[in-house]
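Novice: Could you look at this predicted model? Sequence included:
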Amino acid sequence: MKACLRGARAELWVSEAPHLGQRSVTRSQPLYSCRMEEQAVIWSIPVLALAVLVEFIVSVRRGRKTYRGNDTLANLSQGVISQLIGACTPLLQIGIYTLVFSYLGHALELPFWHSWAGFAVAVVMFDFCEYWLHRVGHEVSVFWAAHVVHHQSEELNICTALRQESQNAVLGWPFYLPLAFAGVPPEVFAFSLLFVQYYQIWAHTEQIGKLGWVDGVFTTPSNHRVHHAVNDCYLDRNYGGLFVLWDRLFGTYAAETERCVFGTRSPVRSFNPIRAITQVYADLARDCWHAQRWQDKIKVWFMPPGWRPADVAERFPKPCFDVNRKTYDPPATRTALAGATVAFLCLAVASGFLLWNSETMDYGSLLLCTAVLIAGFCGVGELLERGRRSPLALPDGSSGIPS
């Protein structure tokens, strides 16, 4: 088996290897191309936009507004960045899975996996593996550092669902290898991933209440509100992506019984995407540096989130968690918010073109364009945080532009 980097995308196929029982596949018949995932994301944008609009209208009519302009732009920026980074790391996204699948010599055209029954089995298997990755992502600090981005928003809405982490694939790929061992073809694995991810979008809302017996089987808005909450009674609960049955089976289920407070226990207090992505990594690195015992320097990365060496906690105390803390909502001028919105839309369109054409680009150009776009999203975050002294501001603090 060999892998080829065609342009900037990973296309993998099997070379002749009779001793492994592998089927010969021509260069024009790749085992898998990551481009289909990126195109699926782009094609889904109109549907997602309509869902956001409907949720926003419903929330306004009910007087339960769950959208703030700054938070929404920050969430969407993280979502686009996750796709850009995914385009630059095809090996981690699904490449290793494809390599393992091919090395094991599974048949590419096994009819079962291309039937509805096979797809259903693959989805259940994927969701089971996703449960354990998700759980480890909350219970081991270095995994939490990658996953925390998804939880940093202090609102819960469909745009929060799109606030996806960018680093999860770095450590998360081994959790899905059981599907490769079972012979699930890469394209079926990819469709299972997309199915479970898109299913979860509707669960990120405050506009849908409890759903009776459905809440006992599937991940629903009520169950997922619990997962995103920082209340003591809800912490580290309801990890299931499609089925909440895993939580019931392994003792991590909690029903919604009180008002949920969203966010994290160490809020990032910033709309800068790089600061959000690196927040926990930086905290862990500082504690590792300051720890006196070498055992603690290692434990910092693998203990549950919030654990700190006693000597570090004593020398560098952190404020106690307050569930009634004030939501991070810095004031911004209309000009700054409008500028941030226009800038985001331009960057999002440019990112869409980049993702659509990434297969034809050389890797260096893709990395450069991605870096420029991420820098642009950081600029959007700065506008949202420093609207009263934005780059357009005059020395007297005014924008010079009617608002």
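Specialist: Cool, the structure landed. Numbers count the residues shown, from 1 in each chain.

Novice: residue contacts, Asn272?
Specialist: Residues near Asn272 by C-beta atoms under 8 Å, 6 or more residues apart in numbering: Cys378, Gly381, Glu382, Glu385. In short, each C-beta sits where N, CA and C put it, glycine included.

Novice: Can you tell me the element the second one falls in?
Specialist: For Gly381, the element it lies in under DSSP states H and E is helix 363-385.

Novice: which phi and psi does the spatially most central residue of the chain have?
Specialist: In the chain, the centroid-proximal residue (C-alpha atoms, centre = their mean) is Gln164; its distance is 2.1 Å. Dihedral angles phi and psi of Gln164 (degrees, to the nearest 10) take the values phi -90, psi 150.

Novice: Does Phe143 touch Arg135 like I think?
Specialist: No. With contact defined as C-beta atoms under 8 Å, Phe143 does not reach Arg135; the gap is 9.3 Å.

Novice: Spit out the contact partners of the closest residue to the residue nearest to the centre of the chain other than its chain neighbours.
Specialist: Nearest-residue entry for Gln164: Ser82, 4.0 Å, with adjacent residues in sequence omitted and distances by C-beta to C-beta, 6 or more residues apart in numbering. Ser82 makes contact with Gln164, Glu165, Ser166, according to C-beta under 8 Å, 6+ apart.

Novice: okay, Ser82: pLDDT?
Specialist: With respect to pLDDT, Ser82 scores 94.

Novice: tell me the secondary structure for it?
Specialist: Secondary structure assignment for Ser82 (DSSP: H, G, I helix; E, B strand; the rest coil): helix.

Novice: quick one: it and Phe119, what's the gap?
Specialist: Distance of Ser82 to Phe119, computed by C-beta to C-beta, to the nearest Å: 25 Å.

Novice: now Leu104
Specialist: Distance, Leu104 to Phe119, by C-beta to C-beta: 20 Å.

Novice: remind me which residues of this protein are low pLDDT?
Specialist: Low-confidence segments of the chain, defined by pLDDT under 70, span residues 1-39, 107-108, 387-403.

Novice: got the domain boundaries for it?
Specialist: Split into domains by automatic domain parsing, the chain comes to 35-90+97-250, 334-388.

Novice: Make TSV from the ones you listed and add distance to Arg308 to it.
Specialist: Output for the domains of the chain, formatted as TSV (distance: least, C-beta to C-beta, whole Å):
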stretch	distance to Arg308
domain 35-90+97-250	10
domain 334-388	28
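
Novice: among those domains, which is nearest Ser270?
Specialist: Smallest distance to Ser270 across these (C-beta to C-beta): 6.6 Å, for domain 334-388.

Novice: Show me how far that closest one is from its chain's centre.
Specialist: Relative to its parent chain, domain 334-388 has a centroid offset of 18 Å by C-alpha atoms, centre = their mean, to the nearest Å.

Novice: Buried residues, stretch 166-178. List them.
Specialist: Ser166, Gln167, Asn168, Ala169, Leu171, Gly172, Trp173, Phe175, Tyr176 (16 or more other C-beta atoms under 10 Å).

Novice: Which SSE is immediately downstream of the one helix or strand the fifth one maps to?
Specialist: In other words, Leu171. Using DSSP H and E, Leu171 falls within helix 168-172. Per DSSP H and E, the first helix or strand lying C-terminal to helix 168-172 is helix 177-181.

Novice: what about the nearest residue to Val140 once chain neighbours are set aside, neighbour count?
Specialist: Closest residue to Val140 apart from its sequence neighbours, by C-beta to C-beta, 6+ apart: Phe302 at 5.8 Å. The local packing of Phe302 (other C-beta atoms under 10 Å) involves 12 other residues.

Novice: What of Gly69?
Specialist: Gly69 has 14 neighbouring residues, counting by other C-beta under 10 Å.

Novice: which residue packs closest to it, ignoring adjacent ones?
Specialist: The shortest distance from Gly69 to any non-neighbouring residue, by C-beta to C-beta, 6+ apart, is to Leu337 (5.5 Å).

Novice: what's around that neighbour, how many residues?
Specialist: Leu337 has 19 neighbouring residues, counting by other C-beta under 10 Å.

Novice: before we move on, what about Cys88?
Specialist: Around Cys88 there are 17 other residues, counting by other C-beta under 10 Å.

Novice: Counting neighbours, what do you get for the residue nearest to it when sequence neighbours are not counted?
Specialist: The shortest distance from Cys88 to any non-neighbouring residue, by C-beta to C-beta, 6+ apart, is to Thr370 (5.6 Å). By the measure other C-beta under 10 Å, the count of residues near Thr370 is 21.

Novice: Is Thr370 in contact with Gly86, as I believe?
Specialist: No. Counting by C-beta under 8 Å, Thr370 stays clear of Gly86, with 10.2 Å between them.

Novice: Next, Ile57: phi, psi?
Specialist: phi -60, psi -40.

Novice: Just the buried positions in stretch 212-226, please.
Specialist: Quick answer for stretch 212-226 (16+ other C-beta under 10 Å): Asp215, Phe218, Thr219, Thr220, Pro221, Ser222, Asn223, His224, Arg225, Val226.

Novice: what about the strands in this protein?
Specialist: Counting by DSSP state E, one finds strands in the chain at the ranges 2-6, 9-13, 32-33.

Novice: Tabulate the contacts of Ser82 in a markdown table, adding columns for distance to Ser365.
Specialist: Compiled in a markdown table, those are given as follows (distance: C-beta to C-beta, whole Å):
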| residue | distance to Ser365 |
| --- | --- |
| Gln164 | 24 |
| Glu165 | 25 |
| Ser166 | 20 |
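
Novice: if we take those, which one ends up nearest to Lys210?
Specialist: Checking the contacts of Ser82 against Lys210 by C-beta to C-beta gives Gln164 as the nearest, at 26.5 Å.

Novice: now the closest one: how far from Gln93?
Specialist: Distance of Gln164 to Gln93, computed by C-beta to C-beta: 12 Å.

Novice: same deal with Val312?
Specialist: Val312 is 35 Å from Gln93, by C-beta to C-beta.

Novice: Repeat that for Tyr363.
Specialist: For Tyr363, the distance to Gln93 equals 14 Å [C-beta to C-beta].

Novice: Which one of the two is surrounded by more residues?
Specialist: Higher neighbour count among Tyr363 and Gln93: Gln93, with 20 against 14, using other C-beta under 10 Å.
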